[in-house]
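Asks: Here is a sequence with its predicted model. Questions after.
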Amino acid sequence: MDKKKVTKYLALVYIMAWSVEIIGSLIYRIVGGMKGLTIFHGFLALTMFMPILAAFFVKADFKVMGWKPRFKGNVKWIVFSMVMPTVASILGFVCFFTVFPKLFSMDLSYFMNYVEGMGQDSDKILESMLQSGLSKNGIIAVTVLQCVLEAPLINTFTAIGEEAGWRGFLYPELRKSYGRVKTWITGGIIWAAFHYPAMLIGGYEYGDNYIGKPVLGILAFTIFCIIVGVLEEIIYDRTKCIWYPSLLHGGINASITLYMMVLNGDYMSEIERVAVFGPGYNGLISMIPIMIIAVVVALMTRKRKDA
């Protein structure tokens, strides 16, 4: 591992990303409402391109990252990257709502309350959604399909900004000095820390009122980044194409919309308090399925390497 190059890379990533996150978070706190949230998300989208920008500044070898899509032999990984995030999210709901059953509802009440809290007219939004002829359950079903078929592809083009930096440059550099497991753990912690200012200042991921704030949130999200980093590193290693871990990353980002459809809006304050446990994909309880999937895939990969 080129320690000087990696150190310079991390310094650049954190300086650039943390600066943008802090500014975006402070604007969100000052402006508030849907306008503030939109600005905040815009700043977060911008931070996703800091890893690739830092890789460019340290003169990473972009030619070896695999920019040409490879379909032969990789279809199963493409399908996995598009489908697994939604499946894992739904299984995570099962785990979470088994522990917190009263928080479950498919009446879209949480979504409506959330929209109202952002200063929007929830009745008009719901009416426009129902005008398509779909029932509330139909709206949820369509959302699931979008999370599988459409959103991962769209989100890939922002996720590539991170993946080219993390999986394309950082993880291969770590592998030069560390074993695979140590690379997964170290890389996951580095990746999680990339998000910390937005979490601590802007309430990113778990909000502002969850149990154990901020320590439990930092711990939960770090574990989650290690888990996802395992899957994305394996996909990149097996496909030799940087677009496919980006596709998985995009699918995971897309699946976050699902949890808003299955929460009971009558328990807003309690939902905020237990957010660090779920039902979002990065909750300590709701991440159990994707954790199991990552362990199984990792064991299968290591066994294949040893064969």
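Replies: Received it, and whenever you're ready, just let me know what you need. Numbers count the residues shown, from 1 in each chain.

Asks: Stretch 220-234 - what's its average pLDDT?
Replies: Averaged over stretch 220-234, pLDDT sits at 97.

Asks: For that stretch, report the contacting residues that lie outside it.
Replies: With Cβ atoms under 8 Å, 6 or more residues apart in numbering as the test, stretch 220-234 has contacts from 84, 163, 166-167, 171, 180, 183-185, 187-189, 191-193, 195, 199, 205-206, 245, 248-249, 252, 276, 281-284, 287, 290-291, 293-294, 297-298, 301. Backbone N, C-alpha and C define where each C-beta goes, glycine included.

Asks: Just the buried subset of those residues, please.
Replies: Among these, the ones that count as buried by 16 or more other Cβ atoms under 10 Å are 84, 163, 166-167, 171, 180, 183-185, 187-188, 191-193, 195, 199, 205-206, 245, 248-249, 252, 276, 281-284, 287, 290-291, 293-294, 297-298, 301.

Asks: Met50 touches Val13, doesn't it?
Replies: Yes: here Met50 reaches Val13: they are 5.5 Å apart, a contact under Cβ atoms under 8 Å.

Asks: Between those two, tell me which one has more neighbours.
Replies: Shown here are Met50 and Val13; by other Cβ atoms under 10 Å, Val13 has more neighbours (27 against 23).

Asks: And the nearest residue in space to Thr186 that is not next to it in sequence, how close does it get to Gly24?
Replies: Nearest-residue entry for Thr186: Leu174, 5.8 Å, with adjacent residues in sequence omitted and distances by Cβ to Cβ, 6 or more residues apart in numbering. Going from Leu174 to Gly24 by Cβ to Cβ, to the nearest Å gives 28 Å.

Asks: what about these two, which has more around it?
Replies: Comparing Leu174 with Gly24 by other Cβ under 10 Å, the one with more neighbours is Gly24, at 25 against 21.

Asks: Now do the phi/psi pair for the more buried one.
Replies: Note on Gly24: backbone dihedrals following degrees, to the nearest 10 are phi -60, psi -40.

Asks: what's the answer for Ser105, then?
Replies: Reported as degrees, to the nearest 10, the phi and psi values for Ser105 are phi -160, psi 140.

Asks: burial of it, as a residue count?
Replies: Counted by other Cβ under 10 Å, the residues lying close to Ser105 total 16.

Asks: Go through the contacts of stretch 220-234 and flag which are in helices.
Replies: Those of the contacts of stretch 220-234 mapping onto helices are 84, 163, 171, 180, 183-185, 187-189, 191-193, 199, 245, 248-249, 252, 290-291, 293-294, 297-298, 301, per DSSP state H.

Asks: List the residues that contact Ala164.
Replies: Neighbouring residues of Ala164 by Cβ under 8 Å, 6+ apart: 51-52, 55, 62, 65, 242.

Asks: where's it relative to Val295, distance?
Replies: 26 Å.

Asks: buried stuff in stretch 89-106?
Replies: Quick answer for stretch 89-106 (16+ other Cβ under 10 Å): 89-93, 95-97, 100, 103-105.

Asks: could I get those as TSV with distance to Ile223?
Replies: Converted to TSV, the buried residues of stretch 89-106 look like this (distance: Cβ to Cβ, whole Å):
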residue	distance to Ile223
Ser89	16
Ile90	20
Leu91	17
Gly92	14
Phe93	19
Cys95	15
Phe96	16
Phe97	21
Phe100	20
Leu103	22
Phe104	24
Ser105	28
